[in-house]
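Asker: Compute the structure for the input listed below.
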Amino acid sequence: MSQSSSHGVSHSPQDLASKGWFVKFLNTIERLGNLLPHPITLFAIFCLAILVISGIAGYFGMSVADPRPVGASGRSADGLIHVVSLMNGEGLRMIVSNLVTNFTGFAPLGTVLVALLGVGIAERSGMLSAAMRLLVIGSSKRLVTVTIVFAGIVSNTASELGYVVLIPMAAMIFHSLGRHPLAGLAAAFAGVSGGYSANLLLGTVDPLLSGITETAARMIDPQYNVGPEANWYFMFASTFIITILGAFVTEKIVEPNLGKYDPSEAGIDLSDQKMETVSPEEKRALKLAGWATLAFVLTIALLVVPEGAPLRNQATGAVSGSPFLKGIVAFIFIGFAIPGLVYGKAIGIMKTDKDVIDAMSHSMSSMGMYIVLVFFASQFVAFFQWTNLGAVLAVAGAEALTAIGLTGPMVFVLFIFMCGIINLSLGSASAQWAITAPIFVPMLMLIGYAPETIQAAYRIGDSVTNLITPMMSYFGLILAVACRYKKDLGIGTLIATMLPYTIIFFIGWVSFFFLWVFVLGIPVGPGAATYYVP
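Answerer: Got it, this is the predicted structure:
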């Protein structure tokens, strides 16, 4: 635990805890989180638990009334949803026969890997790093806070780039401007992690979550489709909301609270710190990459915008349900690969096809843990579907919400809050959604809300508490960077520094969600419905 406060005055752990109930609460969450097994182990345990629970529930004949209309696909003749036991010969045959196809057919797997091939080229060529440095270093002193938060949000398109590059750079920039470096670190961390789901472009998280949402939605409607673009409108607008909120908290709350920085507190020699500027060669390469991006965008526009264009829906002539939206992952891949390749060629990093292949291979090599997690997560989701446990829990939950009268939009406040609390102990977005979506998506669909809206709400809860959970995979890295500037800084101080962002982001983002969805009635994405009508 930290021995210093954010003001640089020595405190004991007891003094730190006495600052408020939230430090005690978060310390408890940290201890409980440390008791949890690895998410992969957790999924394996859940798979075994489903086997046992389905056996018990099946033995006692547990069932609920099927809310789907008579004649609907998958509806049983007796109008009931029965729990199906996997603790028998038939269950064993299903598991053994479908173990591989559960994994290979898991919707998010292929889409995420394909998108990352293109991101890998752009990242390995150095284009994303150079663009981020140009954006942040080239901004005016008055706009530096806003720029850093904004850059943090858009950096999550490229996986860990924001954590590894932007957060240390932001601390250096603030220090060079005579401001507190931890305020710069906090601003970047708020953008990268607190604004994790928001972005101007579709990234790898969009197909990841939409695949899980679609699988969960099909428990109620077997034909329901959720595309990667399902939340794009709302997340595009959220980028600017989070940027404004992040800059406000940094300059009005966090930085004044930190006070004037004392260099004697640093854990390293700050005189050696230099920001790597963008060279003329990099600027030239970025300009060429920009022209390549513009050419790509114009080409796509010609294939989508004109009436009768080949990438429109050929049956209806609309963009909704078109090959463009259905194949959006392919365009994410190409949209990063082309400018990344042009940049790499111009800068001299990618000279042959082998360099391009190495870049894609490197991005795939970093996905080993994710692939292993997907194997167990896919089994868990499949077991949940086969046993009907997700549907039974969803119907029971929907009936409970109806009984207490909590079926209006306010149900989303509770849902988002629950997602934020779960995120404190289970930091992986995909792992958390794979566990909770099979319950909450059908449940909220049954009381009238569309999966796209439910997913957008989940993304708020999943993002805002990233800043205060030690379970977040990069929390240790952030702590290590912070200790460069405050050598005895501990977890409690870092959490206390980031907590104002979590509170303001939660209030502001939830309010914006209600304004966007329920007041203005704007869809959260192209063709996305707000309400579900069977």
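
Asker: Just the C-alpha atoms of stretch 234-247, please, in CSV.
Answerer: Written as CSV, here are the backbone C-alpha positions of stretch 234-247 (Å, rounded to 0.1, in the frame of the first residue of the first chain):
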residue,chain,number,x,y,z
PHE,A,234,-23.3,6.0,-30.3
MET,A,235,-19.6,5.2,-29.8
PHE,A,236,-18.5,7.8,-32.4
ALA,A,237,-20.4,10.5,-30.5
SER,A,238,-19.2,9.1,-27.2
THR,A,239,-15.6,9.8,-28.2
PHE,A,240,-16.2,13.6,-27.9
ILE,A,241,-18.2,13.2,-24.7
ILE,A,242,-15.5,11.2,-23.0
THR,A,243,-12.8,13.6,-24.4
ILE,A,244,-14.6,16.6,-22.8
LEU,A,245,-15.3,14.8,-19.5
GLY,A,246,-11.7,13.5,-19.3
ALA,A,247,-10.2,16.9,-19.9
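
Asker: Spatially central residue (nearest the centroid) of this protein, please.
Answerer: The chain has Ser197 as the residue nearest its centroid, 4.5 Å off, counting by CA atoms, centre = their mean.

Asker: Show me where the stretch 301-450 of the chain has its helices.
Answerer: Assigned by DSSP state H, counting those that start in this stretch, the stretch 301-450 of the chain shows helices spanning 323-326, 328-347, 353-365, 368-387, 389-403, 411-425, 429-446.

Asker: of all those helices, which lies closest to Asn257?
Answerer: helix 411-425 (22.6 Å; CB to CB). (Each C-beta comes from the backbone N, C-alpha and C, glycine too.)

Asker: what about that closest one, average pLDDT?
Answerer: Helix 411-425 shows an average pLDDT of 86 in the prediction.

Asker: again, but for stretch 197-217
Answerer: For stretch 197-217, the mean per-residue pLDDT is 84.

Asker: What are the boundaries of the strands in the protein?
Answerer: Along the chain, counting by DSSP state E, strands occupy 63-65, 80-82.

Asker: and the ones you listed as CSV, adding mean pLDDT, distance to Ile332 and mean neighbour count?
Answerer: Converted to CSV, the strands of the chain look like this (pLDDT from 0 to 100; distance: least, CB to CB, whole Å; neighbours: other CB atoms under 10 Å):
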stretch, mean pLDDT, distance to Ile332, mean neighbour count
strand 63-65, 81, 40, 16
strand 80-82, 82, 37, 18
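
Asker: Reformat the ones you listed as JSON lines; add distance to Ile454.
Answerer: Shown next, in JSON lines, are those (distance: least, CB to CB, whole Å):
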{"stretch": "strand 63-65", "distance to Ile454": "20"}
{"stretch": "strand 80-82", "distance to Ile454": "20"}
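
Asker: Check the burial of Leu201 by counting its neighbours.
Answerer: 14 (other CB atoms under 10 Å).

Asker: For Ile507, see how far away it is.
Answerer: 26 Å (CB to CB, to the nearest Å).

Asker: And for Ile167?
Answerer: 24 Å.

Asker: Settle it for me: which of these two has more neighbours?
Answerer: More crowded of Ile167 and Ile507, by other CB under 10 Å: Ile167, with 27 against 12.

Asker: I'd like to check which residues are in contact with the more buried one.
Answerer: With contact taken as CB atoms under 8 Å, 6 or more residues apart in numbering, Ile167 is in contact with Gly152, Leu185, Ala188, Phe189, Val192, Ile478, Val481.

Asker: swap the cut-off to 10 Å and go again
Answerer: 148, 152, 155, 184-189, 191-193, 474, 477-478, 481-482 (CB atoms under 10 Å, 6 or more residues apart in numbering).

Asker: Without its sequence neighbours, what residue ends up closest to Val374?
Answerer: Leu109 (5.2 Å; CB to CB, 6 or more residues apart in numbering).

Asker: That neighbour: how many residues sit nearby?
Answerer: For Leu109, using other CB under 10 Å, the count is 21.
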